[in-house]
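> Sequence first, predicted coordinates after that:
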Amino acid sequence: MKTRIIAASLVLLAAEAGAQQAQVVPLPPATVDTTDPASVLVGRLDLEHYKATVKGLTQFGDRRQGTKRNRDAVDWIEAQLKSYGCTNTERIKYTYEPPPPRTVDSATRARAAAAGRSAQAQGGGRLRGVRTRTGVNTDSLRQPDPRIRALDAEPTTPGPREEVYCTKIGETHPEEMYIVGGHMDGHGWNEAANDDGSGTAVVMELARVFSMPDVHTDRSIRFILWNNEETGLNGAHAYVDQRAALQGKESPAGSGKYPEPKWLGMIQHDMMMFDHGMPRPDGTISPEQRPEADVNIEFQSNSKMADSSQKLAWIFHRANEKYATDYPAQVGPHMTNTDSDPFKDLVAAISLRENERGREVGAGWDPHWHQPTDVFATFSDKDFRLGLNAAQTTLGAVATLTGAKLGGIPVRK
C-alpha cells in the first residue's frame, strides 16, 4: 500500500512539476549576430514600439475610405514616415465610385447560399472543421464603446482618394525594387486594429528601421499603405494601372533616377495578430493565442507568376527560421482577397497573415474580422507578438534580398 502511495505521489509531483515548467519556462531571448546586418536590423524591432504604432492608427477609428478620419490617417501615416527619415513620400491619387447596388432575385440568392455552403473557399483551399458565420457588421449599436461609435459615425462618400508611400533608394541598383505593403482602411464599426492596423504597423516599422541613417541597401524598397482594400483592392489596382508601365524607366534620362523601379517582388501584410485556432463545436473561439500559432506566407498557385512567387515565399520561410523569435512560418498556396492580388500575374507576389485567408479566416476562425471587437484592447501581448514575428520575418528577408549593409558590412547569404 505504501509503495502505491509513494508511486502515486511521485506521479502527482511530476505532473505538477511539468505543469509549472510549462507555465514558467520562457523562450530564450533573441540573439543578435553583429556580423550579420539583417540580424542587427531585426534586433531594432521592438514589441512596445510595434504596439504603439498600432495604437496610433486606432486613434482614427476604423479609417473607413471616403471619410475625414481616413484622410486624417493618411496624413498621420505620412508624417510618421517622414519622422522616421523616409522623407521622399508621394501619393497615388485616384477616384473611387462604388458600383450601383445589384438587384438579386430569389433564385440567385439560393444559388449563392448553396455556394456559401460548399467546401471550397474563395482563392482555393477546402474548408474543413468547425465553421462559424462571417460578414461585415453594419450596425453601429453593436459597438458598445460610445467613443468608437462617434469616431466611426461619418459615412463614406464617393470621390477622390489618396494613399501614401515612401521609398528607400538602392545605392547599387536603384532601378530595381521590392514593394512592401499593408492596407490602412477598415470597416465594421471598430478600430481596425488587426484588419489592418497590424499589417500597416508592420510596414511602418520596417520603414522606420530601413530609414535609419546607417542602413544602406543595394536595391530599392517601397513602403506603401494601400487605401480602399475593403471595397475591392481599389488602391492597389490604381497603383498597378498608373505605375506598371513606368517600371525601370530612368527619368529624366541620364539622371540615375527611376520614379518606378522594376518590380522584383510584392509583399503584402494583412491581419497579423490572431491565430487562436479552429472554433470549438459550439462556435466559440479560445481567448488565448494557440502555442502552435504561425505566420502564414501565401502565394497563389494558379497565378501566372506562381513559380517565382513560391520561390519568394520559401525565401521568407527561411528568413522566419533564422530571424523570428517566437512563431514559425507556414507556406500556403492560396493567396486571396488582399492587395497582392493585382500584382500576382505581373511579378512574384506573396501575402503574410496570421492564418490562411480563404480556408480559415473565411470559415470564421477569426471572430473579430470586420466586427466591433476589432479594437486595440481585444488583443494580448501574445497576439501583438505574432505581428512582431511577421515584421521580423519580412525585415530579415528583405534585408537579405536588397543587400542591406551597416557600415559597409554585407548581409551574409
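Happy to help now that I have it.

> All the helices of the stretch 51-200 of the chain, in order from the start?
Using DSSP state H, counting those that start in this stretch, the helices of the stretch 51-200 of the chain run over 68-84, 106-116, 146-151, 199-210.

> Ok, the stretch 201-350 of the chain next?
So, for the stretch 201-350 of the chain - with DSSP H, counting those that start in this stretch - the helices run 234-243, 306-323.

> got the contact list for the last one?
Spelled out, it's helix 306-323. Applying Cβ atoms under 8 Å, 6 or more residues apart in numbering, the external contacts of helix 306-323 come out as 38-39, 42, 265, 267, 295, 297-301, 303, 328-331, 333, 335, 344, 347-350, 352, 389, 392-397, 400-401. C-beta coordinates here come from the backbone N, C-alpha and C atoms, glycine included.

> Return the set of buried residues in it.
306, 308-310, 312-313, 315-317, 319-320, 322-323 (16 or more other Cβ atoms under 10 Å).

> any chance of these in JSON lines, with distance to E171 too?
Formatted as JSON lines, those follow (distance: Cβ to Cβ, whole Å):
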{"residue": "A306", "distance to E171": "32"}
{"residue": "S308", "distance to E171": "25"}
{"residue": "S309", "distance to E171": "27"}
{"residue": "Q310", "distance to E171": "29"}
{"residue": "L312", "distance to E171": "22"}
{"residue": "A313", "distance to E171": "27"}
{"residue": "I315", "distance to E171": "22"}
{"residue": "F316", "distance to E171": "24"}
{"residue": "H317", "distance to E171": "28"}
{"residue": "A319", "distance to E171": "22"}
{"residue": "N320", "distance to E171": "27"}
{"residue": "K322", "distance to E171": "24"}
{"residue": "Y323", "distance to E171": "23"}
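
> Can you tell me what sits against stretch 151-164?
60-62, 64-69, 71, 74, 77-78, 81, 89-98, 140, 143, 184, 189-191, 224-228, 234-235, 238-239.

> what about that stretch, how long is it end to end?
22 Å (Cα to Cα, to the nearest Å).

> Check the offset of it from the chain's centre.
22 Å (Cα atoms, centre = their mean, to the nearest Å).

> buried residues in that stretch?
In stretch 151-164, counting by 16+ other Cβ under 10 Å, buried: L151, D152, T156, R161, E162, E163, V164.

> Roughly how far does the first one sit from D145?
What that stands for is L151. L151 sits 9 Å away from D145, going by Cβ to Cβ, to the nearest Å.

> Check the second one too.
Using Cβ to Cβ, we find D152 at a distance of 10 Å from D145.

> Is it correct that D72 is in contact with F60?
Yes. With contact defined as Cβ atoms under 8 Å, D72 counts as touching F60 (5.7 Å).

> Neighbour count: the two, which is higher?
F60 (26 against 14; other Cβ atoms under 10 Å).

> and that one, backbone torsions?
Dihedral pair for F60: phi -100, psi 20, per degrees, to the nearest 10.

> List the residues that contact the closest residue to it other than its chain neighbours.
Closest residue to F60 apart from its sequence neighbours, by Cβ to Cβ, 6 or more residues apart in numbering: A73 at 4.1 Å. Residues in contact with A73 (Cβ under 8 Å, 6+ apart) are L57, F60, R63, M184.

> Verify the contact between the third one and D75 for me.
Yep, that's R63 we're talking about. No. Using Cβ under 8 Å, R63 is not in contact with D75; the gap is 11.6 Å.

> Those two: which is more packed in?
Counted by other Cβ under 10 Å, R63 and D75 do not tie: R63 has more neighbours, with 31 against 13.
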